[in-house]
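K.L.:
quick one: sequence plus predicted model below, questions after.
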Amino acid sequence: MKPQQRYTSAEISRAITIERAIRSVTELRKTAISLEEELADLLQKTSPVCRESAYNLVHYLAIRRHDLRELQRELIQLGLSSLGRLEGHVMASLDAVLGALYRLEQRPIPPELEQEAPISFGVGSALLSENAVAILGPSPKQHNTRVMVTIPTEAANDPKIIYNLLEQGMNVMRINCAHDHPEAWKKMILNLRAAERQLGKSCRISFDLAGPKLRTEQIQPGLEFIKWKPIRNDLGQLIKPAKIHFSTQPYSVENKNYVIPIQGNLLESAKIGDQIRLTDTRGSRRFLNVIEVNKTSCICESDKTAYVISNTKLSLYRGKKLIAKDTITQLPPQPQAISLTQGDSLMVIKGEILGKSAVFDDQGNQIEPACIGCTVPEVFRDVKIGERIFFDDGKIAGVIREVFEHQFRVEITSVVNGTAKLKSEKGINLPDTTLNLPALTEKDIQDLEFIAQYGDIVALSFVQKPEDIEQFIIELKRVKGDHLGMILKIENQQAFDQLPRLLLTAMQHPPLAVMVARGDLGVELGFERLSEVQEEILWLCEAAHIPVIWATQVLESMAKGGMPSRAEVTDAAMGSRAECVMLNKGAYIDKALQFLCDVLRRMQAHQDKKTSMLRKLSISDL
């Protein structure tokens with residue numbers, strides 16, 4: 001008689017853990033198949049090229065309905081690969097883990113686990129790569145993450161801007177339809193095509209539809225004047241004189257130079273070394289030295305601050321001799337802003353009214369509160385007392401205290417740095433309000449005619465529900481824009497809540513990508529939740545094999561001021577987990593693009609989505 005085999009407590013515990021894990025993973029597998037059957041009708045509507053990806057997304061959603069933390073710990077204790085990287089191949093991951101558990105117990109593997117899942121480990125990542133190429137174009141040679149760049153207005157008339165961006169690594173040129181007009185857009189496209197021919201590179205063109213974006217209306221214009229000021233150090237010593245352009249061209253400001261419109265009489269006579277004399281608004285005499293002259297402008301330098309208005313007289317001198325006279329023509333009014341602090345009231349008014357600051361009497365008592373117009377009239381139908389409201393990317397926060405038919409009153413509850421200036425065309429966010437707005441405006445529908453002819457990709461702004469996408473697909477077919485790739489911009493609470501159904505609906509019209517519009521999303525959901533939310537969007541999109549565009553405020557300080565913050569560098573590195581990173585326009589966009597491409601190149605060797613690649617560390621050598 002054989003002696004009875006005795007088991008140690010550790011062996012018994014291990015056997016119990018394995019059995020518990022088998023039951024848990026088997027239940028997860030059943031849940032995934034059950035949800036697949038429940039959503040069969042919706043899944044069958046997806047494009048055949050997206051069908052398996054849609055099934056994988058549904059499997060992932062079923063799995064993530066459960067808290068997997070305890071199961072994860074048990075799998076790790078058993079020395080098994082956890083379920084932490086199952087996004088792209090859910091059933092293959094479940095089957096592989098179950099098979100390993102059965103082998104640990106030396107039990108026969110069920111027949112259904114022996115069959116290869118439709119999306120295996122290699123197929124999932126391959127599908128994502130193929131879908132990214134289909135909508136965003138081939139990935140760069142130096143790194144896998146593409147770079148999308150928002151093009152400034154000046155690029156319509158300055159081909160060098162687009163040429164430099166393409167040369168330095170731009171893969172997708174983004175045109176924001178909320179700005180400029182089709183004539184300017186066409187010039188930008190022609191400049192891009194010319195740069196492509198010169199550099200032997202290709203670049204996709206993406207158009208962002210403006211959508212029913214909530215923005216502040218215009219504010220009462222200020223005085224018509226311009227001020228120039230030289231740069232001085234803390235001791236008041238001159239570092240750099242102000243550079244002034246007297247020009248016959250329309251007023252503009254470029255590279256912090258001051259451009260002042262004139263009649264043009266002195267252009268024929270002015271020479272380098274001459275002097276332009278004037279009297280400013282304070283009665284101060286100013287002498288400007290001419291340093292350059294061409295057909296349309298006379299460029300001068302001044303080491304004194306001056307304020308000038310329209311119709312100011314100019315005198316051109318060569319030594320002591322008067323050579324010519326001229327006059328400053330119409331200067332534009334200075335942009336104004338409404339000053340707001342905590343506790344202030346702000347009236348938001350329906351219609352194209354001119355906003356203005358609060359009015360006070362001689363004793364400092366408020367007679368009239370500040371007011372601002374809103375660009376979307378439907379807002380006044382939907383807002384309710386007690387709901388939150390944010391202005392200018394969350395810099396100004398308030399609560400709606402009173403609602404009337406054509407206006408509502410906001411109590412300002414917090415302001416960045418204590419006092420803020422609210423300007424025109426700044427964003428408005430209403431995270432607590434259910435806005436019954438169509439995703440497509442009349443302007444969007446008109447713009448689609450142009451986009452279908454010239455674009456590669458179109459981004460749907462302010463998407464909230466599947467019906468928005470269905471209507472969008474109908475409009476694309478109407479303008480013969482079936483070839484256009486579609487970007488879903490996730491920028492509000494409703495879009496995030498509806499994301500799974502939005503993805504499944506959009507998978508009827510590939511190719512497809514998702515833009516994480518983190519600026520509005522942070523305001524809508526709360527910045528404390530932004531890190532969590534952007535992670536969830538990345539996971540869901542990977543499960544659907546849909547490429548992601550990491551957008552809003554990437555290296556913003558660098559693009560606008562020339563130097564990134566430490567936090568922005570870390571954020572840019574995180575962008576390597578997406579298939580594309582978007583840069584917004586700025587005076588130093590070339591520098592920001594070059595910096596970003598270098599960060600992406602370095603990060604590629606370390607990270608693939610959320611998997612560490614375990615490259616040899618440079619600090620590992622003793």
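P.N.:
Received the coordinates, thanks.
K.L.:
which residues touch stretch 180-188?
P.N.:
Identification of contacts with stretch 180-188 by C-beta atoms under 8 Å, 6 or more residues apart in numbering yields 151, 153, 155-157, 162, 173, 175, 177, 207, 447, 450, 454. Bear in mind the C-beta positions are built from the backbone N, C-alpha and C, glycine included.
K.L.:
give the buried residues for it.
P.N.:
Using 16 or more other C-beta atoms under 10 Å as the test for burial, stretch 180-188 gives 180, 184-185, 187-188.
K.L.:
relative to Tyr55, which of these is nearest.
P.N.:
Trp185 (39.1 Å; C-beta to C-beta).
K.L.:
and for Glu19, the neighbour number?
P.N.:
13 (other C-beta atoms under 10 Å).
K.L.:
got the contact list for it?
P.N.:
Glu105.
K.L.:
please, which helix or strand holds it?
P.N.:
Assigned by DSSP states H and E, Glu19 belongs to helix 9-38.
K.L.:
how far out from the middle of the chain is that helix?
P.N.:
41 Å (C-alpha atoms, centre = their mean, to the nearest Å).
K.L.:
rounded mean pLDDT for it, please.
P.N.:
Helix 9-38 shows a mean pLDDT of 90.
K.L.:
find the centremost residue of this protein, please.
P.N.:
Thr552 (3.0 Å; C-alpha atoms, centre = their mean).
K.L.:
for Gly124, what are its contacts?
P.N.:
By C-beta under 8 Å, 6+ apart, the contact list for Gly124 reads 56, 87-89, 92, 545.
K.L.:
give the buried residues for the helix or strand just after the helix holding Glu19.
P.N.:
From helix 9-38 onward toward the C-terminus, using DSSP H and E, the following helix or strand is helix 40-45. Buried residues in helix 40-45, counted by 16+ other C-beta under 10 Å: 42-43.
K.L.:
from the rest of the structure, what touches helix 40-45?
P.N.:
Outside of helix 40-45, the residues within contact range by C-beta under 8 Å, 6+ apart are 36, 51, 54-55, 58, 501, 504, 508.
K.L.:
all helices for the stretch 51-200 of the chain, in order.
P.N.:
51-63, 69-77, 90-104, 111-114, 121-136, 159-168, 182-199 (DSSP state H, counting those that start in this stretch).
K.L.:
which of the contacts of Gly124 lies closest to Thr341?
P.N.:
Of all the contacts of Gly124, Thr341 sits closest to Glu87, with 46.2 Å by C-beta to C-beta.
K.L.:
need the phi and psi values for Phe380.
P.N.:
Dihedral pair for Phe380: phi -70, psi -20, per degrees, to the nearest 10.
K.L.:
how near is Met188 to Ile161?
P.N.:
In this structure, Met188 and Ile161 are 9 Å apart, going by C-beta to C-beta, to the nearest Å.
K.L.:
what touches both of the two?
P.N.:
Counting by C-beta under 8 Å, 6+ apart, the residues touching both Met188 and Ile161 are 151, 155.
K.L.:
what's the local residue count around the spatially closest residue to Glu425 that is not a sequence neighbour?
P.N.:
Nearest non-adjacent residue to Glu425, counting by C-beta to C-beta, 6 or more residues apart in numbering: Arg215, 5.3 Å away. Neighbour count for Arg215, taken as other C-beta under 10 Å: 18.
K.L.:
show me where pLDDT drops low in the stretch 151-300 of the chain?
P.N.:
The stretch 151-300 of the chain contains residues with pLDDT under 70 at 250-257.
K.L.:
can you rerun that using 90?
P.N.:
Applying pLDDT under 90 to the stretch 151-300 of the chain flags residues 157, 178-179, 211-215, 220-224, 234-236, 248-259, 264-268, 294-297.
K.L.:
which members of the buried residues of stretch 180-188 are the farthest-apart pair?
P.N.:
Asp180 and Lys187 (9.4 Å).
K.L.:
all helices of the stretch 501-622 of the chain, in order?
P.N.:
518-525, 527-543, 556-561, 566-574, 589-604.
K.L.:
to Tyr307, which of the ones you listed lies closest?
P.N.:
Evaluated with C-beta to C-beta, these place helix 556-561 nearest to Tyr307, the distance being 26.2 Å.
K.L.:
the closest one packs against which elements?
P.N.:
In terms of contacts (3 or more C-beta pairs under 8 Å, 6 or more residues apart in numbering; DSSP states H and E), helix 556-561 is packed against helix 566-574, helix 589-604.
K.L.:
gap between the first one and the chain center?
P.N.:
Which is helix 566-574. Chain-centre distance of helix 566-574: 15 Å, with C-alpha atoms, centre = their mean.
K.L.:
quick one: average pLDDT of that helix?
P.N.:
Helix 566-574 comes out at a mean pLDDT of 87.
K.L.:
buried ones in it?
P.N.:
568, 571-574.
K.L.:
cool, the last one as well?
P.N.:
Along helix 589-604, the positions that meet the burial threshold by neighbour count (16+ other C-beta under 10 Å) are 589-593, 595-597, 599-601, 603-604.
K.L.:
and those as a markdown table, adding pLDDT?
P.N.:
As requested, those are exported to a markdown table (pLDDT from 0 to 100):
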| residue | pLDDT |
| --- | --- |
| Ile589 | 91 |
| Asp590 | 90 |
| Lys591 | 91 |
| Ala592 | 89 |
| Leu593 | 90 |
| Phe595 | 89 |
| Leu596 | 89 |
| Cys597 | 90 |
| Val599 | 89 |
| Leu600 | 89 |
| Arg601 | 87 |
| Met603 | 83 |
| Gln604 | 76 |
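K.L.:
distance to Lys271 added to those residues, as CSV?
P.N.:
Below are the buried residues of helix 589-604 laid out as CSV (distance: C-beta to C-beta, whole Å):
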residue, distance to Lys271
Ile589, 36
Asp590, 34
Lys591, 36
Ala592, 40
Leu593, 40
Phe595, 42
Leu596, 45
Cys597, 45
Val599, 49
Leu600, 50
Arg601, 50
Met603, 55
Gln604, 56
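K.L.:
which one among the residues you listed gets closest to Trp539?
P.N.:
Met603 (18.9 Å).
K.L.:
picking up where we left off before, do you know which of the helices of the stretch 501-622 of the chain lies nearest Asp432?
P.N.:
helix 518-525 (9.5 Å).
K.L.:
quick one: contacts of the closest one?
P.N.:
Helix 518-525 is touched from outside by 390, 393-394, 427, 429, 431, 490-493, 496, 530, 533-534, 550-553, with contacts defined as C-beta under 8 Å, 6+ apart.
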